[in-house]
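S.K.: next come a sequence and a model predicted from it.
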Amino acid sequence: MKQNKSFLKKIELPRTPAEWLEAVMNFLFFLCGMLAVGCVILISVYMIASGMPAIRKIGLFRFLFGTEWASTAADPKYGILPFILSSVYGTLGATLIGVPVGLLTAVFLSKAAGPRVRTVVVTAIELLSGIPSVVFGLLGMQVLVPAVAKAFGKASGACLLSAIVVLAIMILPSIVSVSVTALNAVPPEYEQGSLALGATDTETWFKISVPAAKSGIAAGIVLGIGRAIGEAMAVMMVAGNSPNMPDSLFRSVTFLTTAIAKEMSYASGLQKQALFSIALVLFVFIMGINVVLNVILKGGDRDAR
């Protein structure tokens, strides 16, 4: 009897207007959450359904590890290993440049900068995050590409190095903004205790504050990596767009994203299916990064506790 009364109490309808409003809002929040989950499921199903036919026709090994892409040739070849390696090398290069610069900038803004300097730099970073990708690509094509060609004595500066530099600049706002937020959330008692024990400001920032904020910093880094992997327009304008193996920083290359963007407008048949398969590979790649992010954040939370 007690269990039945408890059950009836749980399903009791709201009585006051405030209770009705709360019930309606809870239902709306639930719908929004389910909508987000449903979108992820639908996208996943669509990508798998659209990408698998070409992989079955071409062969998984030939598709992923083939070194030649000639989709419009009389004897077409659909090997995307050059695209995969170009995306990996470009993202790693941008991360190696962007992460140290972004982290040092975040530490400066959070711990060392004066109010006026902080306001100016934060405003500049916010403006940088709002610049469209095509503008980055245009500036890279007009300024960076000729500069690379002149500095290294190359016939063309449209290459992997130019793409890395542009991507490194583009990921800075994500890394800096999230890292600053994480550093500002570090309890001041941590730093005060370190300073009281005789540590310098710099030692306190990098040995106390940064480790304490590592979960937030990791989130910013992964957001930056996600933008670098998914960028298409800016990379297309500075990378050269040739399906070459990225065996040199000065080689004209094609990324996974640019391979899709440059051919989708005229693709048909197996070629179009292969482009959807590239999108599936890119989708799996990004999902893998999200899994790594969750593992890092959970590990950071356990260490904090």
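M.R.: In hand now; what should we look at?

S.K.: roughly how far apart are the spatially most central residue of the chain and residue 132?
M.R.: By CA atoms, centre = their mean, the chain has its centre lying nearest to residue 226, at 1.1 Å. Distance of residue 226 to residue 132, given as CB to CB, to the nearest Å: 18 Å. (C-beta placed from N, C-alpha, C; glycine too.)

S.K.: do residue 168 as well
M.R.: From residue 168 across to residue 132, the span is 18 Å (CB to CB).

S.K.: repeat that for residue 191.
M.R.: Residue 191 sits 39 Å away from residue 132, going by CB to CB.

S.K.: ok, the residue nearest to the centre of the chain touching residue 292?
M.R.: No - using CB atoms under 8 Å as the test, residue 226 is too far from residue 292 to be in contact (10.9 Å).

S.K.: still on that earlier bit, wait, what's in contact with the residue nearest to the centre of the chain?
M.R.: 286, 289-290 (CB atoms under 8 Å, 6 or more residues apart in numbering).

S.K.: tell me which helix or strand it sits in.
M.R.: Element membership for residue 226 (DSSP states H and E) is helix 214-230.

S.K.: now do that helix, average pLDDT.
M.R.: Helix 214-230 comes out with an average pLDDT of 87.

S.K.: what is the neighbour count of residue 269?
M.R.: 10 (other CB atoms under 10 Å).

S.K.: one step back: would CSV of the contacts of residue 226 with pLDDT, distance to residue 121 and neighbour count be doable?
M.R.: Formatted as CSV, the contacts of residue 226 follow (pLDDT from 0 to 100; distance: CB to CB, whole Å; neighbours: other CB atoms under 10 Å):
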residue, pLDDT, distance to residue 121, neighbour count
286, 84, 30, 13
289, 77, 28, 15
290, 74, 30, 11
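
S.K.: picking up where we left off before, residue 168 and residue 132: who's more crowded?
M.R.: residue 168 (21 against 10).

S.K.: separation between the residue nearest to the centre of the chain and residue 99?
M.R.: Separation of residue 226 from residue 99 (CB to CB): 13 Å.

S.K.: quick one, longest helix in the protein?
M.R.: In the chain, taking DSSP state H as the definition, the longest helix is helix 17-58.

S.K.: which other helices and strands contact the next helix or strand after that helix?
M.R.: Helices and strands here follow DSSP H and E; after helix 17-58, the next one along the chain is helix 60-65. Counting contacts by 3 or more CB pairs under 8 Å, 6 or more residues apart in numbering; DSSP states H and E, helix 60-65 packs against helix 81-107, helix 269-304.

S.K.: winner for burial among the ones you listed?
M.R.: helix 81-107 (a mean of 20; mean count of other CB atoms under 10 Å).

S.K.: ok so, going back, check which helices and strands the longest helix of the chain is in contact with.
M.R.: The contact analysis (3+ CB pairs under 8 Å, 6+ apart) places helix 17-58 against helix 269-304.

S.K.: picking that back up, out of the contacts of residue 226, who's nearest residue 112?
M.R.: Distance to residue 112, by CB to CB, is smallest for residue 289 among the contacts of residue 226, at 31.0 Å.

S.K.: could you list the low-pLDDT ranges of this structure?
M.R.: Applying pLDDT under 70 to the chain flags the ranges 1-12, 293-294, 296-305.

S.K.: mind redoing it with 50?
M.R.: 1-2, 7-8 (pLDDT under 50).

S.K.: OK, contacts around residue 279?
M.R.: Going by CB under 8 Å, 6+ apart, residue 279 touches 47, 50-51, 260.

S.K.: and the gap between it and residue 237?
M.R.: For residue 279, the distance to residue 237 - CB to CB - is 20 Å.

S.K.: how about residue 154?
M.R.: As judged by CB to CB, residue 154 and residue 237 stand 17 Å apart.

S.K.: likewise for residue 136?
M.R.: Following CB to CB, the distance that separates residue 136 from residue 237 is 8 Å.

S.K.: residue 57 now?
M.R.: 32 Å.

S.K.: with residue 48 instead?
M.R.: Distance of residue 48 to residue 237, given as CB to CB: 31 Å.

S.K.: one more: residue 46?
M.R.: Residue 46 is 29 Å from residue 237, by CB to CB.

S.K.: could you report the neighbour count for the closest residue to residue 213 other than its chain neighbours?
M.R.: Distance criterion CB to CB, 6 or more residues apart in numbering; nearest residue to residue 213, sequence neighbours excluded, is residue 182 at 3.9 Å. Applying other CB under 10 Å, we find 22 residues neighbouring residue 182.
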